[in-house]
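K.L.:
Provided below are the primary sequence and the corresponding predicted coordinates.
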Amino acid sequence: MTIFLYSIAAAAVLIYLPFLVVAYSRLRVGYDQSAPRAMFDKLPAYAQRATWAHQNSFEGFMIFAAAALMAYVTNVNSPIAVVAAIAFVAARLLYSIFYILNIPLLRSLMFAVGSLSWGTLFALSIIQVNG
């Protein structure tokens, strides 16, 4: 199902959504091209959280990409898998927003939804192979 491939592409794009906030903040505080990482302490709190959201997005993306590719390769064809793939993308979008806005409870909830989504894809793939 191509939804898995589209969801991987969407999740890859979402990695950089928080970085747009970081880039904007770097420009506002005076970007130092010779030491971009040294600027972190000068950034406002929301931009620091955006940096963390950006970094965490790489971690979340890797495991989701593996799960979605596994579902694609094993030919999982289930409405539950479609919901899981879409839910991951939506949860990661909201995760970054809640992280930047400093709403920890909702951020954690979105992390859990994302984890449940990739876990579902892995489980459905294993069931498909052993089916």
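P.N.:
Thanks, I have it. Source: prediction; values computed, not measured.

K.L.:
which other helices and strands contact the helix or strand that Ala81 is a member of?
P.N.:
Following DSSP states H and E, one finds Ala81 within helix 79-100. Packing partners of helix 79-100 (3 or more CB pairs under 8 Å, 6 or more residues apart in numbering; DSSP states H and E): helix 2-14, helix 17-29, helix 45-73, helix 104-130. For the C-beta atoms, the positions are set from N, CA and C on the backbone; glycine is no exception.

K.L.:
closest to Leu93 out of these?
P.N.:
Across the helices and strands packed on helix 79-100, Leu93 has its closest neighbour in helix 2-14 (5.7 Å, CB to CB).

K.L.:
And the contacts of the closest one?
P.N.:
The contact list for helix 2-14, computed with CB atoms under 8 Å, 6 or more residues apart in numbering, reads 57, 60-61, 64-65, 68-69, 71-72, 76, 81-82, 85-86, 88-89, 92-93, 96, 121.

K.L.:
ok, back up a step: point out the most buried one among the helices and strands packed on helix 79-100.
P.N.:
Of all those, helix 45-73 carries the top mean neighbour count, a mean of 18, counting by mean count of other CB atoms under 10 Å.

K.L.:
Quick one: mean pLDDT for that helix?
P.N.:
Helix 45-73 shows a mean pLDDT of 96.

K.L.:
For it, name the packing helices and strands.
P.N.:
Applying 3+ CB pairs under 8 Å, 6+ apart, one finds that helix 45-73 contacts helix 2-14, helix 17-29, helix 79-100, helix 104-130.
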